[in-house]
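Enquirer: structural data only, the sequence is not supplied:
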C-alpha cells in the first residue's frame, strides 16, 4: 500500500468548461473541470509500489482529475470570480462527479469545496478541497487521502459533437 503524496499531485493548468443551457444533453447548464497532473515515473504503471516522483522512467504515468456535472449559479467566469462554493460528496444530490484514472481504474474524487480567485480574460485560479477514494476502486493499493489542489483554469465553452456532414448533391461517396 502506498501514499500518493503531494509530490504526485502536482496540478498543471487545467480547463473549466461551461455547457450552455440550450444543449440537448444532461450536461446542459453545468460546468466541468479537468486538471492534468504532472507525469511521474514507474517501473510498471499498473503497480503502485513502483511509483516515484519525477520523469526518469522507465515508464511515465500521466493522468488527470476529471470533475463533471458541477452546478454553479453562473454561466461566465466573471460571476465565479472571488467566490467559494461547497458541495456534498458522492452520491448526495448536487455532488460533483469526480474521478482520476490510475492503474486501469476510475477512482472517485470527492470535491467538497471550490474557491475561485480573480478571473482574468479566459482564465481563473481555483483552490479545490478534494478527497481521493481509492478504496472504491477495489484493490489498487493506494491509500485514501485528502488534498488541497491549487491550479489555474482556462475557459472552454462546451460544444455538442457535430454529426457527419452529408456529401453535397451530386458528389460520389468515397
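Expert: Alright, I've got the coordinates. On a predicted model such as this, the values are computed, not experimentally measured, just so you know.
Enquirer: the helices in this structure, which residues?
Expert: Along the chain, the stretches classed as helices by DSSP state H are 77-80.
Enquirer: listing partners with orientation, what would you give for the longest strand along the chain?
Expert: Among the segments of the chain that qualify as a strand by DSSP state E, the longest is strand 105-120. Within its sheet, strand 105-120 is paired with strand 84-86 (antiparallel), strand 97-102 (antiparallel), strand 123-133 (antiparallel), according to DSSP bridges.
Enquirer: including mean pLDDT and distance to residue 16, could those strands go into CSV?
Expert: For every residue, glycine as well, the C-beta is placed using N, CA and C. Formatted as CSV, those follow (pLDDT from 0 to 100; distance: least, Cβ to Cβ, whole Å):
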stretch, mean pLDDT, distance to residue 16
strand 84-86, 98, 13
strand 97-102, 96, 14
strand 123-133, 98, 7
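Enquirer: make TSV from those strands and add distance to residue 8 and mean neighbour count to it.
Expert: As requested, these are exported to TSV (distance: least, Cβ to Cβ, whole Å; neighbours: other Cβ atoms under 10 Å):
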stretch	distance to residue 8	mean neighbour count
strand 84-86	26	13
strand 97-102	10	20
strand 123-133	10	19
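Enquirer: among those strands, which comes closest to residue 28?
Expert: Closest approach to residue 28 among those is made by strand 97-102 (14.9 Å; Cβ to Cβ).
Enquirer: quick one: contacts of the closest one?
Expert: The contact list for strand 97-102 (Cβ atoms under 8 Å, 6 or more residues apart in numbering) reads 37, 48, 61, 63-69, 90, 106-111, 130, 132, 134, 137, 140, 142.
Enquirer: chain center to that strand: distance?
Expert: Chain-centre distance of strand 97-102: 7 Å, with Cα atoms, centre = their mean, to the nearest Å.
Enquirer: which residues pair with the residue positioned nearest the centre of the chain across the strands?
Expert: The centre of the chain sits closest to residue 66, judged by Cα atoms, centre = their mean, with a distance of 2.1 Å. For residue 66, the beta-bridge partners under DSSP bridges are residue 34, residue 99.
Enquirer: likewise for residue 61?
Expert: residue 40.
Enquirer: neighbours of it, how many?
Expert: When neighbours are counted by other Cβ atoms under 10 Å, residue 61 registers 20.
Enquirer: give the rounded mean pLDDT of stretch 2-13.
Expert: When pLDDT is averaged along stretch 2-13, the result is 96.
Enquirer: for this protein, which spans come out with low pLDDT?
Expert: Low-confidence segments of the chain (pLDDT under 70): 160-174.
Enquirer: at 80 what do you get?
Expert: 158-174 (pLDDT under 80).
Enquirer: rewinding a little: ok, which of the strands paired with strand 105-120 comes nearest residue 25?
Expert: strand 97-102 (14.2 Å).
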